[in-house]
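Novice: From the sequence below, what's the structure:
(one chain, ligands or ions: 1)
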Amino acid sequence: MPELPEVETIRRHLAPHVEGRRLTALAISDPRWCRPLAPAELAAAVEGRRVEQLGRRGKYLVWWFEGDVFLIVHLRMTGNLLHRADPGAPPPGHTRVRFALDGESAGADSLGSSAGAELPGEDELLFTDPRRFGTGELALGLDARDAFFAARLGVEPLGDEFTGAYLRALARASRAPVKAFLLNQKRVAGVGNIYADEALFRARIHPLRPADRLTAAQCAALRDGVVGALKAGIAAQGASIDDFRHPDGVRGAFQDEFLVHRREGAPCPVCGRPVRKLVAAGRGTYLCERCQPRPRARLRRQAASGTSRPSRSARTSS
Ligand SMILES: [Zn+2]
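Specialist: Okay, here's the model as predicted:
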């Protein structure tokens, strides 16, 4: 599944091609993409509008149209946005949505652009998605957009707000193992299985350590680990381990730079001990058991069962 760096890579590729241009057509061939909204309703809300900005929040790609109309896209498991090199060729398999953009330049007046489909330089983007879990949702106005994200996402990890102290305040409210804590989009937005493993290794924290038992120093290290892993992923233009491709079809390179993720049996880049695999939060999880020491069994049991000693609950509530 694409995570924050993969979505950010798509955004950076596409933004120069779409910002300032007008969406002439949004052809949705799979109504499941935008349900409960009907494809015609969604198309009517955005067609003919200029793209002010292509943004991102967590793993969502956010089309900001003039008039503060937002189309909020999630790639989920296998979604991808491809730049169609040859509009004459048949669309690739699993195309669910087609975005057509006019050829006018940013800032140009466009009163006469209703014939945009015929303008030279017209561009097309395709949303392809073999497993069909991807979504496109509409938000009308800034308040609706903010409410959409407030209901779904926690802190943006590459924003100024995400400090060690902020992370510690979040972690203290969660008894989940820290790997599960990181995967919860309502805590930290945009981190998935790859970047959680890489961040925990960078911070030298075992994935099963209960989040509320992290020290201030560990929270500071984890904040740096999350930011460092995400930035490394963006610098490598994402990881292509499954379906992820850049809009031009090129693969990302971050899979070649993983420190522990998917490296079972390979030497730890710090101590040389073989990387181990275990299951945490239901996901294949990779770590170095020397660099990321196991929590004591009692803490693990508490994290697994969600229970805590009464004395601890009393302390927490005081
Ligand atoms: Zn190690």
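Novice: could you pull out the strands for this structure?
Specialist: In the chain, the segments counted as strands under DSSP state E are 23-28, 51-57, 60-65, 69-74, 80-83, 95-101, 123-128, 135-140, 276-280, 283-287.
Novice: In the sheet, which strands lie alongside the second one, parallel or antiparallel?
Specialist: Read it as strand 51-57. Strand pairing for strand 51-57, determined by DSSP bridges: strand 60-65 (antiparallel).
Novice: Contacts for the partner strand, please.
Specialist: For strand 60-65, contacts defined as C-beta atoms under 8 Å, 6 or more residues apart in numbering pick out 7, 10-11, 18, 23, 46, 49-56, 70-75, 81, 145, 149, 153. From N, CA and C alone the C-beta is placed, and that goes for glycine too.
Novice: Just want the angle from it to strand 95-101.
Specialist: Using axes from the mean of the first three to the mean of the last three C-alpha atoms, to 10 degrees, one finds that strand 60-65 and strand 95-101 are set 30 degrees apart in direction.
Novice: so for strand 60-65, what's the average pLDDT?
Specialist: For strand 60-65, mean pLDDT rounds to 98.
Novice: In that strand, which residues are buried?
Specialist: With burial defined by 16 or more other C-beta atoms under 10 Å, the residues of strand 60-65 counted as buried are Tyr60, Leu61, Val62, Trp63, Trp64, Phe65.
Novice: I'd like the distance between the fifth one and Thr135.
Specialist: Right, Trp64. Taking C-beta to C-beta, to the nearest Å as the measure, Trp64 falls 17 Å from Thr135.
Novice: so what's whichever residue of the stretch 101-250 of the chain sits closest to the ion up against?
Specialist: Nearest residue of the stretch 101-250 of the chain to the ion (C-beta to the ion) works out as Phe201 at 8.1 Å. Phe201 sits next to Gly225, Leu259, Val260, Tyr286, Leu287, Cys288, Cys291, Gln292 when contact means C-beta under 8 Å, 6+ apart.
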